[in-house]
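1. Coordinates for the following, if possible.
(one chain, ligands or ions: 1)
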Amino acid sequence: MSTTKNKWQKPTLTAHRMGALNKFGNTSPQQHLEAFAGVALLPLMEQYGSPLFVISEQRLRDNVRRLLRAFETRYSDVVYSWSYKTNYLAAVCNTLHQEGAWAEVVSAFEYEKARSNGVPGNKILFNGPHKERAILERVVRDGARIHIDHLDELYLLESVARDLGQQVDVTMRLNFDTGYTEPWTRFGFNIESGQAMDAARVLGHSEVLNLRGLHSHLGTFVLDPRAYAAQINIMCAFMTQVEMDTGCEIESIDIGGGFASMNTLHGTYLPPEQVVPSVDQYAEVICSTLNAAVRHRSAQGKSKPRLIMESGRGVVDDAEVLLTSVVANKRLPDGRPSLVIDAGVNVMFTGFWYNHKVTPLQPQEGMAEDTVVYGPLCMNIDVMRASVMLPPMNVGDAMMFSPVGAYNNTQWMQFIEYRPHVLWVDTEKRISVVREAENLAIVTGPERVPAHLQEPFREQQEG
Ligand SMILES: *Cc1c(COP(=O)(O)O)cnc(C)c1O
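-> Predicted coordinates for the structure are as follows:
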């Protein structure tokens, strides 16, 4: 038995004034939300279980239409290509393809997925640093546009083209410093060092490869649209130089993705409504810069390059939400309340970068407190929100994490728990499952057990 008792501490009372700010921010009762995409959410959870992803087809279509309108009204030749790695559920991809999007893929798997979704080869842009001979052969035969990442790929592609006896139009991926974002120098050819110009000259001498496009992708969650103005000016200057030096004619300038979504990066305190530019703001900077940079081309008898963009998270993020339920409620030793919920970083990988919005699905009472929200994994890193103002919530109460459409249905992992259903709400508010929840058969399907290991508790043979 311990001989020391805990010291008595004077209790403190803090007057709570509704609607006033305290050191945690606004204390007004947490708004709850009952519907998404025009559909009541609690009945969905009753029917399909918890956790649950829900995607709004209407929101997705609205987002891509807004993007296309913003660019097509400002530039004469625009192609939008859907970045598969952002969310390659077939329902998502096919919705965007129906709206006119091409496919932007970065691996043999994603290429095969785009083809199996019905995208013709000539509407696929093939990016990424890893493309082996077998997939290059298929891609060349299909007439897809290859974005060359490095010299080894250039030589491999040249040998493939020669073996197939085919001329191949290619795009070069470039990297450079805009002064606005940390340059991603690991992808493509660097402009400042002269590497990009050297590679362009190699292409200029190639008998089978023809340089027709320039591509770069600055990074992701680019909050300052002026980064794209710098990008376009650098790419257009390179285009002029390359055309003069090698005699090629560039047909397309691809500016990649990177537009921010309505999400909040860790360490950002202003709400996304205040810091994230609208698509019109991005489009205005991009198109006015490009129009000015290529104005002189018609006088030289050259056409304006096509503008290609590959926005991923900006288009899909807010079209999807994650519904989850409270499993337990506990006070941490430091006095903070914490919750355990049934969805963790296994299904919402982007929790590592974002403070997602958390919204209760039922009306809640009581004073909001700074709360830690943990996922269900037996892993210390499974934190869904390290700090969020929430009213007291009971076991079984439901909440929504949003937006979660980007990089979760692709980067999630089967770890400890099964991955849940993904539901689709179509434009008529009809519900369907677009990806089934996992079960034991699905998860263990690819496993093979050697014969001598099939009976773990086989009786030991007596010697
Ligand atoms: C990931 C990626 C995109 C999409 O990026 P977002 O930040 O989601 O817009 C576009 N293009 C390329 C080459 C990419 O790797």
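2. Quick check on whatever residue of the stretch 301-450 of the chain ends up closest to the ligand: phi, psi?
-> When scored by Cβ to the nearest ligand atom, the stretch 301-450 of the chain has G312 as its residue closest to the ligand, at 2.5 Å. Bear in mind the C-beta positions are built from the backbone N, C-alpha and C, glycine included. Phi and psi for G312, reported as degrees, to the nearest 10, are phi -110, psi -80.
3. so it touches K85, yeah?
-> Yes. Counting by Cβ atoms under 8 Å, K85 is a contact partner of G312 at 7.3 Å.
4. Which one of those two is surrounded by more residues?
-> G312 (26 against 18; other Cβ atoms under 10 Å).
5. Now do the same contact list for that one.
-> W82, S83, K85, T86, N87, T220, G257, A406, Y407 (Cβ atoms under 8 Å, 6 or more residues apart in numbering).
6. R313 is in contact with the fourth one, correct?
-> Yes. When contacts are counted by Cβ under 8 Å, T86 is listed as touching R313 (5.9 Å).
7. joint contacts of those two?
-> G257, A406, Y407.
8. would a markdown table of these with pLDDT and secondary structure be doable?
-> As requested, the shared contacts of T86 and R313 are arranged in a markdown table below (pLDDT from 0 to 100; DSSP: H, G, I helix; E, B strand; the rest coil):
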| residue | pLDDT | secondary structure |
| --- | --- | --- |
| G257 | 98 | coil |
| A406 | 98 | coil |
| Y407 | 98 | coil |
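9. if I look at the closest residue to P360 other than its chain neighbours, how far off is L339?
-> Spatial nearest neighbour of P360, excluding adjacent residues (Cβ to Cβ, 6 or more residues apart in numbering): H32 at 4.4 Å. Note on H32: its distance to L339, by Cβ to Cβ, to the nearest Å, is 15 Å.
10. more neighbours, these two?
-> L339 (25 against 16).
11. For that one, name its beta-bridge partners.
-> Beta-bridge partners recorded for L339 (DSSP bridges): N329, V373.
12. From what I see, it and V326 are in contact.
-> Yes. Contact criterion Cβ under 8 Å: L339 and V326 qualify, at 5.5 Å.
13. Next, the residue nearest to P360: phi, psi?
-> According to degrees, to the nearest 10, H32 has phi -110, psi 170.
14. quick one, what contacts it?
-> Applying Cβ under 8 Å, 6+ apart, the residues contacting H32 are T359, P360, L361, Q362, P363, Q364.
15. joint contacts of L339 and V326?
-> Common neighbours of L339 and V326 (Cβ under 8 Å, 6+ apart) are M393.
16. mind checking pLDDT for the residue nearest to D77 when sequence neighbours are not counted?
-> What sits nearest to D77 in space, not counting adjacent residues and going by Cβ to Cβ, 6+ apart, is R306, at 4.4 Å. Confidence at R306, expressed as pLDDT, is 98.
17. R306: neighbouring residues, count only.
-> Neighbours of R306 (other Cβ under 10 Å): 16.
18. So what sits opposite it in the bridge?
-> Beta-bridge partners of R306, as defined by DSSP bridges: S252.
19. T86 and R313: which is more packed in?
-> T86 (27 against 24).
20. Which residues are in contact with the more buried one?
-> G257, G312, R313, V315, V316, A406, Y407, T410.
21. Let's see that with 6 Å instead.
-> G312, R313, V316, A406 (Cβ atoms under 6 Å, 6 or more residues apart in numbering).
22. Would you mind measuring from it to the ligand?
-> T86 sits 5 Å away from the ligand, going by Cβ to the nearest ligand atom, to the nearest Å.
23. what's next to the helix or strand where V54 lies, contact-wise?
-> Taking DSSP states H and E as the criterion, V54 maps to strand 52-56. For strand 52-56, contacts defined as Cβ under 6 Å, 6+ apart pick out 36-37, 45, 319-323, 420-425.
24. Identify the farthest-apart pair in those residues.
-> The two members of the contacts of strand 52-56 with the most space between them (Cβ to Cβ) are M45 and A319, at 19.0 Å.
25. More neighbours: which of the two?
-> Taking neighbours as other Cβ under 10 Å, M45 and A319 compare with A319 leading, 29 against 18.
26. Looking at R448 now. What's its pLDDT?
-> 97.
27. from the chain's centre, how far out does stretch 56-67 sit?
-> 16 Å (Cα atoms, centre = their mean, to the nearest Å).
28. average pLDDT across that stretch?
-> 98.
29. quick one, longest helix in this structure?
-> Determined from DSSP state H, the single longest helix within the chain is helix 226-246.
30. Buried residues in it, which are they?
-> Within helix 226-246, the residues scored as buried using 16 or more other Cβ atoms under 10 Å are 227-232, 234-236, 238-240, 242-243, 246.
31. helices or strands next to that helix in the packing?
-> Helices and strands touching helix 226-246, by 3 or more Cβ pairs under 6 Å, 6 or more residues apart in numbering; DSSP states H and E, are helix 195-205, helix 279-294.
32. what residues does stretch 276-287 touch?
-> Residues contacting stretch 276-287 (Cβ under 6 Å, 6+ apart): R66, L67, A70, F71, R74, Y75, P225, Y228, A229, F259, A260, M262.
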